[in-house]
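Asks: just a sequence and a predicted model for now, questions to come.
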Amino acid sequence: QYAYKMVNFDPDWNYVGTQNTATYTNLDPGEYILLIRGSNSDGIWNPAETILNITIVPPFWKTLWFIISVIILFLLVTFLFIRRAFVMQKRKAQKEKEIIELQLKTIKSQIDPHFAFNALNTIASFIYSEEPDVTYDYFTRFAMMIRNILMDNDKISRSLGEEMEFVKNYLEIQKIRFKDKFDYAIIIDKSVPPDTLVPKMIIQTFAENAIKHGLMHRTKGGRLTISVEKGDSCLNFIIEDNGVGRVKAAEYNPDSTHRGLRIMDQIIELYRKLYHTAINQKIEDLSDSHGNPTGTKVILTICLLKELKRKRSYLKFRNKNSGNEN
């Protein structure tokens, strides 16, 4: 007779009489030990056990090498997929950036010649009037502006210091051109770094508009003030004049297309998309206590969107903590 027992699997011996086979159908892969005992015809069991070592081999999809290979393959495919998506997104962003820069350069090229035409006409008039000192000063400033335009031709932004120097030269030329019909002042907050990047010619465009539509219609005493102030994550540019006001200016120039301001609106929108910078403009009509127009004020606010988000997150966090303390 026979008896068998699988170590660490069967709780007791299995006595199967004269049956000399054992069947297991639910063994997991691994190493096993099968113990076998037998008896003679008198029913006396042999105290010695026969030991059979058994190895159950797992299917290939359960082997360690296969599992590791699948994990590596999955990670590789995931990495390649993410990398491809990143490369495609980067190419798309680069293409959009190139398109926007091209649009900005095209718009800018429509503005720059305007200076040359006016300045050359004024220089010609000074030459005929035989005023060499004034002509030389005017021509020098005009040359500096042309040099600035040519050197920065591939740029769509520049430092605040460079922009204000450009505006100053422009205003000096216009001041000479209009025979000191107006004066100007440029006030910059000391806390504003001069290397802060701003859209190229954005201040000059509004200054030009103030002179053309407001101050040039005054006989004397014109005043243009440009202020730069620092706010929370923003810069405020204030262009204020004491001209005739927008209503009166429209009467003087009924055919005006305001092309410069329309172009500036396009630049502001494209600049926002390219550099994630919010630029808001507000135009106020100034008047005295009797309601008579006394000029125009333009307020430009330039903010980095990521700085605004950071500021809002900080304020939200601070308010939340303040609420917990209360």
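Replies: Perfect, I can see it now.

Asks: residue boundaries of the helices in the stretch 101-250 of the chain?
Replies: 132-151, 160-177, 202-213, 246-252 (DSSP state H, counting those that start in this stretch).

Asks: relative to helix 202-213, how tilted is the longest one?
Replies: For helix 132-151 against helix 202-213, the angle by axes from the mean of the first three to the mean of the last three C-alpha atoms, to 10 degrees is 140 degrees.

Asks: name the helices or strands packed onto helix 132-151?
Replies: helix 64-128, helix 160-177 (3 or more C-beta pairs under 8 Å, 6 or more residues apart in numbering; DSSP states H and E). All C-beta atoms are positioned from the backbone trio N, CA, C, and that covers glycine.

Asks: need the least confident one among these, by mean pLDDT.
Replies: With a mean of 78, helix 64-128 has the lowest mean pLDDT of the helices and strands packed on helix 132-151.

Asks: just want the angle from that helix to helix 132-151.
Replies: Using the same axes, to 10 degrees: helix 64-128 against helix 132-151 is 160 degrees.

Asks: give me the beta-bridge partners of the nearest residue to Lys282 once chain neighbours are set aside?
Replies: Leaving aside its chain neighbours, Lys282 sits nearest to Ile299 (4.5 Å; criterion: C-beta to C-beta, 6 or more residues apart in numbering). Under DSSP bridges, the beta-bridge partners of Ile299 are Ile238, Lys282.

Asks: check the one 4 residues further on too.
Replies: Here Cys303 sits in beta bridges with Cys234, Ala278, going by DSSP bridges.

Asks: tell me the contacts of it?
Replies: Listed by C-beta atoms under 8 Å, 6 or more residues apart in numbering, the contact partners of Cys303 are Ser233, Cys234, Leu235, Thr277, Ala278, Ile279, Asn280.

Asks: which residues are in contact with Tyr4?
Replies: So Tyr4 contacts Asp10, Trp13, Asn14, Val16, Ala22, Leu34, Leu35, Ile36, Arg37 (C-beta under 8 Å, 6+ apart).

Asks: quick one: distance of the helix or strand containing Ile263 to the chain centre.
Replies: When elements are assigned from DSSP states H and E, Ile263 belongs to helix 259-275. Mean C-alpha position of helix 259-275 versus that of the full chain (C-alpha atoms, centre = their mean, to the nearest Å) differs by 16 Å.

Asks: do the same with stretch 279-288
Replies: 28 Å.

Asks: could you do stretch 209-216 as well?
Replies: For stretch 209-216, the distance to the chain centre is 35 Å (C-alpha atoms, centre = their mean).

Asks: state the mean pLDDT of it.
Replies: The model assigns stretch 209-216 a mean pLDDT of 86.

Asks: using CSV, write out every CA atom in it.
Replies: Presented in CSV, the C-alpha positions along stretch 209-216 are these (Å, rounded to 0.1, in the frame of the first residue of the first chain):
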residue,chain,number,x,y,z
ASN,A,209,-1.0,110.8,-31.1
ALA,A,210,-1.2,113.4,-28.2
ILE,A,211,0.9,115.9,-30.2
LYS,A,212,-0.8,115.3,-33.5
HIS,A,213,-4.4,115.4,-32.3
GLY,A,214,-4.2,117.5,-29.1
LEU,A,215,-1.3,119.8,-28.7
MET,A,216,-0.7,120.9,-32.3
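
Asks: residues in contact with it?
Replies: Residues contacting stretch 209-216 (C-beta under 8 Å, 6+ apart): 174, 178, 181-182, 222-224, 239, 241-246, 249, 252-253, 256, 258, 260-261, 295-296, 298.
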